[in-house]
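Student: Give me a 3D structure for the following:
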Amino acid sequence: MPRLHQCLNENRKPLSLLVSLPVNDAGLARAALEAGADGLKVHFNVGHRASGQHFESLDSYLDAFREIRSLFDGPLGVVPAGSLEGADAATIRRLAPLGFDFYSIYAHHLPSHMLYDTGLDRTFAIDATYDPSLVEAAGHFGFSALEASIVPGEAYGTPLSFADVLKYRQLVRTAQVPVIVPSQRKLVPDDVRALTDAGVKGVLLGAIVVGRSGEQIKEQVAKFREAIDRWT
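Tutor: Sure thing, here's the model as predicted:
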């Protein structure tokens, strides 16, 4: 099964296309995959600002997660908590046996036990309040990627600017791990070229771009797939 670090570092294209599902639903996962997504991300035990969705406990989604995993053998990641206290060790140990191959979590929500022996590739996110120079230390701890969630909440859904691209480029130059850009901005396919030129290794499309229905997801993911294949 291709893990996330293989997708980001060895993909036939220099930019990987990931989709953050707005709901933990196998039908939505299938739509994203059929349209060309390289990998998927799901959530539990967290409130998600961009989608307006509150995700319940792991046990609430076991059947859905197993069905999503059965659809493909590429990278499948999970956001396991929206707080430091929520990421308990017993729950994290259940993730690899369910077929997840990476976790994604804000650095300030990541307890030290998640740095070791999870059986998962590890990614972490930073927000607009972080000192960008801190990410240089991530490679020391063996992380597979940095999720650059650096757009302030009040600016969600607005167009990508060159100022954003400069910030992503700075993180690419500073971090010792691949950088993934989530669609906090209202990304469009024409943004692919600039993100690629900035050295970004993955784009993570969420509800702001792909919407909530299978038809919307399929349409938007297909457009980004075509742009990635054209520009990279």
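Student: By residue count, tell me the biggest helix in this protein.
Tutor: helix 214-231 (DSSP state H).
Student: can you give me how far that one is from the chain middle?
Tutor: Relative to its chain's centre, helix 214-231 lies at 16 Å (CA atoms, centre = their mean, to the nearest Å).
Student: which helices and strands sit right next to that helix?
Tutor: Helices and strands touching helix 214-231, as assessed by 3 or more CB pairs under 8 Å, 6 or more residues apart in numbering; DSSP states H and E, comprise strand 16-20, helix 26-34, helix 192-197, strand 202-205, helix 207-210. All C-beta atoms are positioned from the backbone trio N, CA, C, and that covers glycine.
Student: Check what contacts the third one and list those residues.
Tutor: Contacting residues not belonging to helix 192-197 are listed as 14-15, 160, 162, 165, 168, 181, 203, 224, 227-228, 231-232 [CB atoms under 8 Å, 6 or more residues apart in numbering].
Student: Kindly provide the distance from the residue positioned nearest the centre of the chain to Ser20.
Tutor: In the chain, the centroid-proximal residue (CA atoms, centre = their mean) is Leu204; its distance is 5.0 Å. Distance, Leu204 to Ser20, by CB to CB, to the nearest Å: 6 Å.
Student: ditto for Gln184
Tutor: Applying CB to CB to Gln184 and Ser20 gives a distance of 11 Å.
Student: just Pro97 next, same as before
Tutor: For Pro97, the distance to Ser20 - CB to CB - is 22 Å.
Student: who has more neighbours, those two?
Tutor: Ser20 (25 against 8; other CB atoms under 10 Å).
Student: excluding its backbone neighbours, what's nearest the more buried one?
Tutor: Gly206 (4.0 Å; CB to CB, 6 or more residues apart in numbering).
Student: Can you check the pLDDT for that neighbour?
Tutor: Gly206 is assigned 96 on the pLDDT scale.
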